[in-house]
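Student: Next come a sequence and a model predicted from it.
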Amino acid sequence: MVAHPVPGAKIGHLKHSRKPPITGVYPYFRQAQAALYNNKKWEQGEADEAMHRTVPGKMRCIAVALSKGGVGKTTTAVNLAAGLVRRGRSVLLVDMDTQGQVAKMLGIQPQNGMAEVINNEARLDEAVVEARPGLWLLPGGRTLAGLKRVIDRKEYGGERTISETLAPLDGCYDYAIVDTAPGWDVLTVNALFYAEEVVAPVALEAMSLQGLVEFEHSLQAIQRYHNSLRLRYVLPTFLDRRVRKSDNMLRQLQTHYGDLVCTPIRYNVRLSEAPGFGQTIFEHAPASPGAEDYLALTERILHDEQP
């Protein structure tokens, strides 16, 4: 497991200081922190090289994505991140959904986010907040929807805007979990260029299955330019054993996607209640089927960690 973003300090403590602390860290980390403070754009590859030398081990970047809405993407992103923290991993949770629900689900009200960092209105260390011990959140920010226009105006490399912005944090956590919006826009494309693995939540209904097929086709277009990206997990959601169609859909998924299909997330009212209390399912109802199912997803992902 890797250390906190600044050895000996939590990034949540940095937001109150004028400059990120650089005492007692590697020279390469000093270079990265200086870039954060000055809001400089690094030459391509420079940030990656510096930060990869900072912390041993590689951060797993996982996007929770599917073009169709209402399948449980944000619920999955939040509770997967919380499950990984429960298993001793440090997690950066990135909200790329313009609805900005992640912060609300965690019961916090951050002042800045990704949009403010890219627009040079805030430093990255100011935008990343510690939502729970071991769990840091980078919200989308107040003007995330407007960020689409900023990216669209770029003549070259717009699809890597988020990757370049987050490069100084590469390797600072065990995991980065990225929540994405429904649909297929420049923010989703950016999230997928940043990630290397995809968890695709699929509600057990016909339209969602069709949405997964269409999403796969779009994913293949990105893989031509980002060949390390892959659909790693298909997560059935809203499984209701009382409904025969739900089981039929699950069998179809298992037939077509085989070992990619994870243990289903059962329909559970506690999962719907938890966001209203600003809590994860593990905080709100730790003995519920929802907590059990998201813990199973967590264990599946941990099982695939590189030794």
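Tutor: Okay, I see it. Residues are numbered from 1 along each chain as shown.
Student: which residues does the residue lying closest to Gln252 once chain neighbours are set aside contact?
Tutor: Nearest residue to Gln252 in three dimensions, chain neighbours excluded: Leu209, at 6.5 Å (C-beta to C-beta, 6 or more residues apart in numbering). Where C-beta positions appear, they are placed from N, C-alpha and C, glycine not excepted. Leu209 makes contact with Val202, Met249, Gln252, Leu253, according to C-beta atoms under 8 Å, 6 or more residues apart in numbering.
Student: List of residues touching whichever strand or helix holds Leu295?
Tutor: Assigned by DSSP states H and E, Leu295 belongs to helix 289-303. Outside of helix 289-303, the residues within contact range by C-beta under 8 Å, 6+ apart are 62, 76, 79-80, 82-84, 86-87, 89, 199, 233, 235, 262-266, 268, 270-271, 274, 281-282, 285.
Student: Which element, helix or strand, includes the closest residue to Arg160 other than its chain neighbours?
Tutor: Leaving aside its sequence neighbours, Arg160 sits nearest to Phe193 (C-beta to C-beta, 6+ apart; 5.5 Å). Following DSSP H and E, one finds Phe193 within helix 186-194.
Student: One more: Gln111?
Tutor: Secondary structure (DSSP H and E) places Gln111 outside all helices and strands.
Student: where in the chain is pLDDT low?
Tutor: Regions of the chain meeting the criterion pLDDT under 70 cover residues 1-57, 306-307.
Student: So the residue sitting nearest the centre point of the chain, which state does it fall into?
Tutor: Residue closest to the mean C-alpha point of the chain, counted by C-alpha atoms, centre = their mean, is Val178 at 1.6 Å. Here Val178 is recorded as strand under DSSP: H, G, I helix; E, B strand; the rest coil.
Student: And it, how close does it get to Ala81?
Tutor: 10 Å (C-beta to C-beta, to the nearest Å).
Student: Also Leu260?
Tutor: Plainly put, Leu260 is 21 Å away from Ala81 if you go by C-beta to C-beta.
Student: Look at these two and report which has more neighbours.
Tutor: Legend: neighbour count by other C-beta atoms under 10 Å for Leu260 and Ala81, higher for Ala81 (31 against 15).
Student: continuing past the helix or strand harbouring that one, what's the next helix or strand?
Tutor: Assigned by DSSP H and E, Ala81 belongs to helix 73-86. Next in sequence after helix 73-86, counting helices and strands by DSSP H and E, comes strand 91-96.
Student: I'd like to know which elements the helix or strand that that following strand is followed by is packed against.
Tutor: Note on strand 91-96: by DSSP H and E, the next helix or strand toward the C-terminus is helix 101-105. Judged by 3 or more C-beta pairs under 8 Å, 6 or more residues apart in numbering; DSSP states H and E, the packing partners of helix 101-105 are helix 73-86, strand 91-96.
Student: How far away from the center of its chain is the very next helix or strand once past helix 101-105?
Tutor: Where DSSP H and E defines the elements, the next helix or strand beyond helix 101-105 is helix 114-118. Mean-position distance between helix 114-118 and its chain equals 16 Å (C-alpha atoms, centre = their mean, to the nearest Å).
Student: Need the residues that contact helix 114-118.
Tutor: Applying C-beta under 8 Å, 6+ apart, the external contacts of helix 114-118 come out as 94-96, 122-124, 127, 138-144, 146-147, 150, 161-162, 165.
Student: Just the CA atoms of it, as PDB, please.
Tutor: These are the backbone C-alpha positions of helix 114-118, laid out as PDB (Å, rounded to 0.1, in the frame of the first residue of the first chain):
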ATOM      1  CA  MET A 114     -11.700  19.600 -10.700                       C
ATOM      2  CA  ALA A 115     -13.200  22.500 -12.700                       C
ATOM      3  CA  GLU A 116     -11.700  25.100 -10.400                       C
ATOM      4  CA  VAL A 117      -8.200  23.400 -10.700                       C
ATOM      5  CA  ILE A 118      -8.300  23.300 -14.500                       C
END
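Student: Begin at 16 from now on, thanks
Tutor: Sounds good: first residue 16 from here, last item helix 129-133.
Student: Hey, what's the angle from the longest strand seen in the chain to helix 88-101? Just curious.
Tutor: Scanning the chain for the longest strand, with DSSP state E as the assignment, gives strand 245-254. With axes from the mean of the first three to the mean of the last three C-alpha atoms, to 10 degrees applied, the angle from strand 245-254 to helix 88-101 works out at 110 degrees.
Student: helices or strands next to strand 245-254 in the packing?
Tutor: Counting contacts by 3+ C-beta pairs under 8 Å, 6+ apart, strand 245-254 packs against strand 212-218, helix 221-238, helix 259-272, strand 280-281, helix 304-318.
Student: elements contacting the fourth one?
Tutor: Okay, so that is strand 280-281. Under the contact criterion of 3+ C-beta pairs under 8 Å, 6+ apart, strand 280-281 touches strand 245-254, helix 304-318.
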